[in-house]
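Engineer: Sharing a sequence plus its predicted fold:
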Amino acid sequence: MKFLRNCMKFSRGLISYKKMGISYIGAQWYFLIFLKVLSLLPDSFMAKHFIISTVNDLIRIQPEKIVYISSDGNYSTIYLCDGESRVVTIQLGKLEEMIGDQLGNEGSFLARIGRSLIINSSYVYYINITQQKLILSDQKAVNYTLTASKEALKALKEHFEKEITE
């Protein structure tokens, strides 16, 4: 672990090869070995993050950990699978745009539902159009019950029904 930490510091210029106690050539070999180790790591180790930066805050989230995002005017609340939630001073439309810009197709599982929700479609467990009820769950620890418009829920239901036939 110390090896990886030193290589990260060296690559960022935070530590000199002298502080590492080796020659410059040795430090270069350290760094090459570090790059080789990184290439052998699974993609999940270097997972892409969704980054939200405001005047006072920076939030860095693995996109698959987002269960849903709800809006209330100029504020949006991000709900994560570990039960954590975070309020940001960004409108939902702007967040939707940021998801597209940062994640591209990798963020396609995050879908806008109606005017006030972005959901992670992987967590959709139950849809009831007449009761305007949507339950997002991993069927273990995560369980959120939401309300959405009938039109939005109908479109979501049709989307999942379409997946069955494909």
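Structural biologist: That came through, no problem. Numbers count the residues shown, from 1 in each chain.
Engineer: all helices of this protein, in order?
Structural biologist: Assigned helices in the chain, in chain order: 2-11, 24-40, 92-103, 150-165 (criterion: DSSP state H).
Engineer: Can you give me every residue that contacts residue 132?
Structural biologist: Going by CB atoms under 8 Å, 6 or more residues apart in numbering, residue 132 touches 147-150, 153. For the C-beta atoms, the positions are set from N, CA and C on the backbone; glycine is no exception.
Engineer: Please name the nearest non-neighbouring residue to residue 136.
Structural biologist: residue 123 (4.0 Å; CB to CB, 6 or more residues apart in numbering).
Engineer: Residue 90 now?
Structural biologist: residue 76 (5.6 Å).
Engineer: Tell me how far that neighbour lies from residue 102.
Structural biologist: Separation of residue 76 from residue 102 (CB to CB, to the nearest Å): 15 Å.
Engineer: So for the two, which residue has more residues nearby?
Structural biologist: Just comparing residue 76 and residue 102: by other CB atoms under 10 Å the higher neighbour count belongs to residue 76, 23 against 15.
Engineer: The more buried one reaches residue 66, doesn't it?
Structural biologist: No: under the criterion of CB atoms under 8 Å, residue 76 makes no contact with residue 66, lying 11.3 Å away.
Engineer: give the contact list for residue 158.
Structural biologist: Applying CB under 8 Å, 6+ apart, one finds that residue 158 lies in contact with no residue.
Engineer: May I see the domains of the chain written out as residue ranges?
Structural biologist: Using automatic domain parsing, the domain parsing of the chain gives 2-45, 50-165.
Engineer: now the ones you listed as a markdown table including mean pLDDT?
Structural biologist: A markdown table is the format used below for these (pLDDT from 0 to 100):
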| stretch | mean pLDDT |
| --- | --- |
| domain 2-45 | 54 |
| domain 50-165 | 92 |
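Engineer: what's the most buried one of the ones you listed?
Structural biologist: Greatest average neighbour count among the domains of the chain goes to domain 50-165 (a mean of 15), per mean count of other CB atoms under 10 Å.
Engineer: can you tell me the distance between the two ends of that domain?
Structural biologist: This stretch, domain 50-165, spans 32 Å end to end (CA to CA, to the nearest Å).
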